[in-house]
Each structure stands twice: as structure tokens, then as C-alpha cells.
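Peer 1: Sequence first, then the predicted structure:
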Amino acid sequence: MEKSENLMEKIVALCKRRGFVFPGSEIYGGLANSWDYGPLGTELKNNIKQLWWQTFVHARADMVGIDAALIMSPKVWEASGHVAGFSDPLVECKKCHQRFREDQIGGVCPNCGSKEFNEPKQFNLLFPVRLGPTEDSSATAYLRGEIAQAMFVDFKNVLDSSRVRVPFGIASQGKAFRNEITPGNFIFRTREFDLMEFEYFVKPEEWEKWFEYWRGEMHRWLIAIGADMSKVHEHEIPDGERAHYSERTIDFEFDYPFGQKELYGLAYRTDFDLKNHFADAPYKDPETGEAYYPHVIEPSFGLDRTVLVSLLSAYQEDGERVYMKFPPRIAPYKAAVFPLLSNKPELVAKAKEIHAMLLAHPLPTAWDDRGNIGKRYFAQDEIGTPYCITVDFDTLGESHEELKDTVTVRDRDTGKQERMKISELKNFIAWKTYA
Ligand code: GAP
């Protein structure tokens, strides 16, 4: 069977069965288009988040991070243009009365096939929230529709409290909320989602250079998370279709099983946002003393879409065997430890010792003593564990003295096994998985 056949169904089923992603509020009949990350999905998602922070913040001298409030003053969203302009065109089918985003349906109702719609209305995506116990409209605020605004609003605070100078970036990770008209396709489009993005502040005349630079870095990131690069495409968003703040945008699109759609965005936001929030130029060139508004390049990475692309790209079928070829760095577990037989106390004791040693490193390591070894390999392959370590009778030195204190280490991708000294395991797994 072709790998791509029913791939989405296979991924959704595997995610539920193995604890990557569950339908939200399931025991109450579910809440449409909401999803919960289970134990393994949480590890995968956190590993991606940490790798992103490591890559774009810790490994660079020109980037600092913030972690801002999810509910900001409503004045932020008025100044940013989101109250007036953060909307999608909503149409209602005249026949079945279902509502859709006009730009997603090509003039035909996906529900009943009718071509007759009411006049499109602009539907604002911001989620209002009421603060405090009053009914007074002055207490209405919004959940943040993008995480970017805090990085503009806090611009001067960051500047005054750290040593960054243009060119530099402010990075952030966290939830954003949008009242999407048509959420769907698993974790691809939801009403709450995680974003990872940075605003990179540059001299106005250098924006094109930095735009190209970040375009390249976004490619390198996609390779690092194991995205199938043959399915990645760049799409230049034409005039008239870009977000209200952008003068140039390239979308990174991916061939999902449900079509070629957006994965990430790279936008040139000019000085639009800083000008909206600061009446006076907020930056002074340390050499010339000239005050000006820096311009902004914004690489924006949806975290849930990153998880989806890493799942879709990792999925491999090899005969009966299914394995998730995650780059070891983002795999939920780095290794698994098994005693060959679960009813031999000496084997179990030795295997537990190794398991404890790896956990203490700390290397996230699974334990399994159920069923036979083949089934355990199968189960670890399916969750993408790069190495399986088995303690057998040779480990105890029962037949060959020279094999005492060695174990077998099996590689997920090749299925090949090699014997290794227990004393070498920790460094080997840590080195191979960058943990
Ligand atoms: N600050 C720029 C910004 O928010 P965006 O293109 O509106 O730009 C950025 O969103 C990224 O967030 C997208 O490229 C996508 O990865 C992700 N994203 C947007 N809407 C989403 C949704 N409803 N569900 C999941 N991810 C979403």
C-alpha cells in the first residue's frame, strides 16, 4: 500500500491509540475541533518547542525572549488594526444556511453544492472576553489573536532592560486564539493554537537582506524537525491578499493529505506596528544618535502545524512494520529498556538498573516487559523510539564471560542490533539523540 493512502486516518488513529493526541472533552461527546495532547504528544510538542528556543534564542547573541499575558488591553488591538481589520469574509449558503469562509470554497457550497450565497460579511476573528463581574462594555477585552503584539508593546522595556541593539529580535512562544469560521483537519486549524515567532528589528534599508536571511533559516529549521522537504513549497502572497500589516509575505506551504496549505509565514511588517504603538520613534542609533522606527521581519511558526508535519513526515511503512522516523532530538523517548524475559528476576533487576541509570542522566527512557521482544520492538517503532536496549542472559555472563555487562542495542530505522557495554550506553544514547 502507498504510504500516502489514508495517511491522515492512520495518523489520527495512531495518535489516539498511542497517546499523542486525543479528541478534546471526549467523555462528554467531544467539543468539535478541540484536541488534547497526550503523554507522548506533549513530549513531542515540548521537544519541538525547546529545539526552536535553543535554535533561535539560546544559540544566538541577537535574540531575547519574552513570555507575555494572553489577555492584553483592548487598546492594543485597536492600535494594531486587529479590531478593524482582522477578519475573514463569511458567506451563508442560501439553500442549507451553512456558513463558510468565502475564500476557501470556490463559489460552491461544500455541504449541498448550491452556488447561491448571501452577500459576504466581514467576520472578526478576535475572541472577546469579559473581565471582572460587571456587564459594562468597558470591561471587554480580547484573548490575543497573535502573539506578536506583545513584542511590539514591550519593545522599549526590552530595549531599556537588556543590551540588544539593531539588528536584534524578540522571540515568544504561546497560545493564540482565533474564532475561525471553518476549523478542521485535525490539529491543522483550531480556535486555540500554539505559536512560536519572533520580530526581528532591522534598519529600514536592510529589510530585504534580512528577509532573505530568515527565509534560509526557516528552511534549515524544517530540515532539523525532519519535514519531508519534497513536500515544502514557498508561495509569494500577492498584493491585496496579505495581512493588513504586511508589505511582503512568503508562506511556507506543505503537501498535507488534504491538500497544499500553509505551514509557516514570513512577513515584512515594515514599521507598521511600532508606529501604531509609539508616538515617538522608539529607537536611537547608538552611533549617529538618530531616532527612528526600526523595520520588522517576522518569521512565524505554528507549533501544532509543526507537530502535524513532523508526524506526517516521520510515518514510515516497511512491510508489516510501522515506524515513526522522528529526528532523535524530538522523539518522545530516546531509548527503551527491556529484560529479555519478564519472569527471570536477575534479568529484570539488571534491566531496571539500566533504566534508572538512563532516566537519571536524564534521558527520557521507556520500560517494557510485556509480551515478546518482537511486540515490544513493534510498539517502540510506532512511537519513534530511536534505540531499544535488551538485557539477556549474555548480559549476566552466563555463557560467555566476555559478553558479561553488555546489552543489545537495536536501531529503529535499520532494525540492526549491536552489542554494547553497559558503561558506554549513557554517552552513546545522549550523543546520538543530542539529549
Ligand atoms: N504574527 C503573525 C501571524 O500570526 P499568521 O499567518 O496569522 O501570522 C502564523 O499565523 C502561523 O500560525 C501560521 O503560519 C500557522 O502556522 C499558524 N496558524 C494560524 N492559524 C491557525 C489555526 N487556526 N490553527 C492552527 N495554527 C494556526
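Peer 2: Perfect, thanks for sending it. Fair warning: this is a prediction, and the values are worked out from it, not measured in the lab. Numbers count the residues shown, from 1 in each chain.

Peer 1: and stretch 244-252, anywhere near the ligand?
Peer 2: No: using CB under 6 Å from any ligand atom, stretch 244-252 stays clear of the ligand, coming no nearer than 7.0 Å. Backbone N, C-alpha and C define where each C-beta goes, glycine included.

Peer 1: Ends of that stretch, what's the gap?
Peer 2: The stretch stretch 244-252 measures 19 Å between its terminal residues, going by CA to CA, to the nearest Å.

Peer 1: quick one: buried residues of that stretch?
Peer 2: By neighbour count with 16 or more other CB atoms under 10 Å, stretch 244-252 contains the buried residues 245-246, 248-252.

Peer 1: Now tell me what touches it from outside.
Peer 2: Identification of contacts with stretch 244-252 by CB atoms under 8 Å, 6 or more residues apart in numbering yields 80-81, 85-86, 211, 215, 218, 222, 232-237, 242-243, 262-270, 272-273.

Peer 1: How about stretch 416-428?
Peer 2: With contact meaning CB under 8 Å, 6+ apart, stretch 416-428 is reached by 354, 357-358, 361, 363, 389, 394-395, 403, 405-411.

Peer 1: hmm, which of those residues are the buried ones?
Peer 2: Neighbour-count burial (16+ other CB under 10 Å) applied to the contacts of stretch 416-428 gives 354, 357-358, 363, 389, 394-395, 403, 406-410.

Peer 1: For this protein, which residue gets nearest to the ligand?
Peer 2: Taking CB to the nearest ligand atom, the ligand has its nearest neighbour within the chain at residue 302, 2.2 Å off.

Peer 1: Local confidence estimate at that residue?
Peer 2: Residue 302 carries a pLDDT score of 98 in this model.

Peer 1: Which of the contacts of stretch 416-428 fall within helices?
Peer 2: Taking DSSP state H, the ones among these that sit in helices are 354, 357-358.

Peer 1: Export those residues as TSV, with columns for pLDDT.
Peer 2: Listed next are those as TSV, based on pLDDT from 0 to 100:
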residue	pLDDT
354	98
357	98
358	98
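
Peer 1: quick one on the thing from earlier: could you pick out which of the contacts of stretch 244-252 are near the ligand?
Peer 2: Within the contacts of stretch 244-252, those near the ligand by CB under 6 Å from any ligand atom are 262-265.

Peer 1: returning to that earlier point: go through the contacts of stretch 244-252 and flag which are in helices.
Peer 2: Per DSSP H, helices hold the following members of the contacts of stretch 244-252: 85, 211, 215, 218, 222, 272-273.

Peer 1: Could you tell me which residues of the stretch 1-150 of the chain lie near the ligand?
Peer 2: Residues of the stretch 1-150 of the chain found near the ligand, taking CB under 6 Å from any ligand atom as the criterion, are 146, 148.

Peer 1: Quick one: low-confidence residue ranges for the stretch 1-150 of the chain.
Peer 2: Residue ranges of the stretch 1-150 of the chain with pLDDT under 70: 1-4, 135-138.

Peer 1: Can I get the buried residues of stretch 244-252 in CSV including pLDDT, secondary structure and distance to residue 47?
Peer 2: Formatted as CSV, those follow (pLDDT from 0 to 100; DSSP: H, G, I helix; E, B strand; the rest coil; distance: CB to CB, whole Å):
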residue, pLDDT, secondary structure, distance to residue 47
245, 93, coil, 31
246, 95, coil, 31
248, 98, strand, 32
249, 98, strand, 29
250, 98, strand, 27
251, 98, strand, 25
252, 98, strand, 21
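
Peer 1: farthest pair in those residues?
Peer 2: Within those, 245 and 252 form the most distant pair, 18.5 Å apart (CB to CB).

Peer 1: Which residues are in contact with the most centrally placed residue in the chain?
Peer 2: Centroid-nearest residue in the chain: residue 303, 2.1 Å away (criterion: CA atoms, centre = their mean). Taking CB under 8 Å, 6+ apart as the contact definition, residue 303 lies against 45, 48-49, 173, 193-196.

Peer 1: from these, which would you call buried?
Peer 2: Looks like these have 45, 48-49, 173, 193-196 buried, using 16+ other CB under 10 Å.

Peer 1: Cross those residues against helices and list the overlap.
Peer 2: Using DSSP H, the subset of these located in helices is 45, 48-49.

Peer 1: ranges for the helices of the stretch 301-435 of the chain?
Peer 2: Remark: helices assigned in the stretch 301-435 of the chain by DSSP state H, counting those that start in this stretch are 303-314, 345-360, 373-383, 422-433.
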